[in-house]
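**Student:** Just a sequence and a predicted model for now, questions to come.
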Amino acid sequence: MRGVLSGFAVIAVVIGVGYVLGRRGTLGERGAEVLTRLAFTVAGPALLFTTLARADLALLFSSRLLVTALSTAVVAGVFTAVGAVRHWGVGRTTIGALCAGYVNSGNLGIPIAAYVLGDASLVAPVLLFQVVLVTPVALTVLDLSGTGEKDTLWRRLLTPLRNPIAVGSLSGVVVSAAGWRIPGPVLQPLTLIGNMSVPAALLVFGMSLHGAAAPGRGRDRQPVLLSVALKSVGQPLVAWALARSVFALHGAPLLDVVVTSALPAAQNLFTYASRYRVGESLARESILLSTVVSVPVLVGVAAVLG
């Protein structure tokens, strides 16, 4: 319980600061845009590189991660299928699918894993899976959906290498897989820059709330409610069913995968939506609602399975 509440309290304070900045206009009319670019092109890639360069890639190959990967694929697939039928568009559907299955494994997942599960490293496989596979694939789809037919086949194939988030992630994986050790004078500045990523994303999210309509009531009402339902209820249930029936997980391992699957949508998804100027209200409202709903869900999961 304490881990859940402390994790949410931290991000609530930073988002609140962002809201005040937006309300007062402290950073000017383009303040949110500048912070978004900072997080997407500089701080985010630095954070992903330094995280993955020191990560144990063996964590990617475990039954717990398979449960997370499959549950993510299921809920994202459901949202994508509905989006295709309802003609929500490729970019908007991609953002919604991310909101349905991309969990806040960083600034919420780490403290909750530490206090609820007793080991912060348990969230590492989810973090690696999302930044190594999900993020590059999703951003490549967004890149391609916005460029139209003007690009040649060669440029389309090289799309991931033109995306700073994907480049940061893939570079970190290469360093880790090769066993290279980054010198301190190189690693420390990158770490310092990367530390700006999460606060910047949270501040931008808070700034976007000023003047925004109540979540779940605007033109994105249907995709918002669907993504929140899939993220907050669908993904934990799918993870629980897979863990029990397919992978025969019980006790602490079962609690681990269900808790990580019940985490809300990550705030950096709004950064991606803002960067590509697609599904911004969908991302903002989905993140906000899933964060609120996840509090009782996580408390309930911890009480029943703990």
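**Tutor:** Right, received. Where do you want to start? Numbering: from 1, shown residues only.

**Student:** Show the contacting residues for Thr50.
**Tutor:** Residues in contact with Thr50 (CB atoms under 8 Å, 6 or more residues apart in numbering) are Gly172, Leu187, Leu190, Thr191, Gly194. Where C-beta positions appear, they are placed from N, C-alpha and C, glycine not excepted.

**Student:** In the helix or strand containing the second one, which residues are buried?
**Tutor:** Here Leu187 sits within helix 184-194, counting by DSSP states H and E. Of the residues in helix 184-194, those buried by neighbour count under the rule 16 or more other CB atoms under 10 Å are Leu190, Thr191, Ile193, Gly194.

**Student:** Likewise for stretch 296-306?
**Tutor:** Within stretch 296-306, the residues that count as buried by 16+ other CB under 10 Å are Val297, Leu298, Val299, Val301, Ala302, Leu305.

**Student:** Dump these to CSV, plus secondary structure and pLDDT.
**Tutor:** Below are the buried residues of stretch 296-306 laid out as CSV (DSSP: H, G, I helix; E, B strand; the rest coil; pLDDT from 0 to 100):
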residue, secondary structure, pLDDT
Val297, helix, 89
Leu298, helix, 84
Val299, helix, 81
Val301, helix, 86
Ala302, helix, 79
Leu305, helix, 82
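
**Student:** Reformat these as CSV; add distance to Val67.
**Tutor:** As requested, the buried residues of stretch 296-306 are exported to CSV (distance: CB to CB, whole Å):
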residue, distance to Val67
Val297, 17
Leu298, 17
Val299, 21
Val301, 14
Ala302, 18
Leu305, 14
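
**Student:** any idea how far His250 lies from Trp240?
**Tutor:** In this view, His250 and Trp240 are 11 Å apart by CB to CB, to the nearest Å.

**Student:** Likewise for Val297?
**Tutor:** Taken as CB to CB, the spacing of Val297 relative to Trp240 amounts to 12 Å.

**Student:** helix/strand/coil for Glu29?
**Tutor:** Reducing the assignment to helix, strand or coil with DSSP: H, G, I helix; E, B strand; the rest coil, the entry for Glu29 is coil.

**Student:** What is the neighbour count of it?
**Tutor:** Using other CB atoms under 10 Å, Glu29 is surrounded by 7 other residues.

**Student:** List the contacts of the residue nearest to Asn163 when sequence neighbours are not counted.
**Tutor:** Counting by CB to CB, 6 or more residues apart in numbering, the nearest residue to Asn163 once its immediate chain neighbours are dropped is Leu139, at 5.1 Å. With contacts taken as CB under 8 Å, 6+ apart, Leu139 has the following neighbours: Pro160, Asn163, Ile165, Ala166, Tyr272.

**Student:** and which of the residues you listed is nearest to Ile95?
**Tutor:** Closest to Ile95 out of these is Tyr272 (7.2 Å), distances taken as CB to CB.

**Student:** wait, isn't that closest one in contact with Leu98?
**Tutor:** Yes: between Tyr272 and Leu98 there is a contact at 7.4 Å, judged by CB atoms under 8 Å.

**Student:** Quick one: the strands in the stretch 151-300 of the chain, in order.
**Tutor:** According to DSSP state E, counting those that start in this stretch, the stretch 151-300 of the chain carries no segments that qualify as strands.

**Student:** circling back to that earlier point, could you find the two of the buried residues of helix 184-194 that are most distant from each other?
**Tutor:** Among the buried residues of helix 184-194, the pair separated by the greatest distance (CB to CB) is Thr191 and Ile193, at 7.4 Å.

**Student:** shared neighbours, those two?
**Tutor:** Here Thr191 and Ile193 have Ala46 as joint contacts, going by CB under 8 Å, 6+ apart.

**Student:** My guess is Val131 contacts Leu170. True?
**Tutor:** No: assessed by CB under 8 Å, Val131 is found out of contact with Leu170, at 9.6 Å.

**Student:** higher neighbour count, these two?
**Tutor:** Counted by other CB under 10 Å, Val131 and Leu170 do not tie: Val131 has more neighbours, with 27 against 19.

**Student:** what's the burial count for the nearest residue to Leu57 once chain neighbours are set aside?
**Tutor:** Leaving aside its chain neighbours, Leu57 sits nearest to Ser176 (5.5 Å; criterion: CB to CB, 6+ apart). A count of neighbours around Ser176, defined by other CB under 10 Å, yields 18.
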